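Student: Prediction below, plus the sequence it came from.
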Amino acid sequence: MEINVFGFLPSFNCVLCTNNTEETLEHLFLHCPFAEACWGLIGFQVPNQADIFLAIESFKSQLHTPLFINIVILLCWSIWISRNDLIFQGLQPSTNSCRRIFKKELVLLSHRVSSKHKHC
């Protein structure tokens, strides 16, 4: 995907899938087939047609830990990095690369977690 000389994207469609779907918040992080596969890597089921708030509530019930929101944020960050790597570096996204990004960020987070939450 190239940006034209005026700085506008030629399309607002999601670059991670071939569905010609507009890249909205819900699509990119929840309903894009790439995102759904990434959520599946950590055992989360994305509710069909859920908005971001319903999805977060669903994730909270699927993962019983006070750190659930950190895990959600880290996976969203990993999806975002995969998307940007495709746009700006031409690197094809894969669930394996997304998993590597997620694990790296999770290790960094673990250094900041207090000892009472490390067992969660």
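Tutor: Received, thanks. Not measured: the values here are computed from a predicted model. Numbering: from 1, shown residues only.

Student: What lies in contact with the lowest-mean-pLDDT helix or strand in the chain?
Tutor: Within the chain, judged by mean pLDDT, DSSP states H and E, the helix or strand with the poorest mean is helix 52-62; its value is a mean of 92. Judged by CB atoms under 8 Å, 6 or more residues apart in numbering, the contacts made with helix 52-62 from elsewhere in the structure are 25-26, 29-30, 43-47, 50, 68-69, 71-72. C-betas here are computed from N, CA, C, even on glycine.

Student: Weed out the non-buried ones from those.
Tutor: Of all the contacts of helix 52-62 considered here, the ones buried according to neighbour count by 16 or more other CB atoms under 10 Å are Glu26, Phe29, Leu30, Phe44, Val46, Ala50, Phe68, Ile71, Val72.

Student: pLDDT of the top helix by length along the chain, averaged?
Tutor: In the chain, taking DSSP state H as the definition, the longest helix is helix 68-89. When pLDDT is averaged over helix 68-89, the result is 95.
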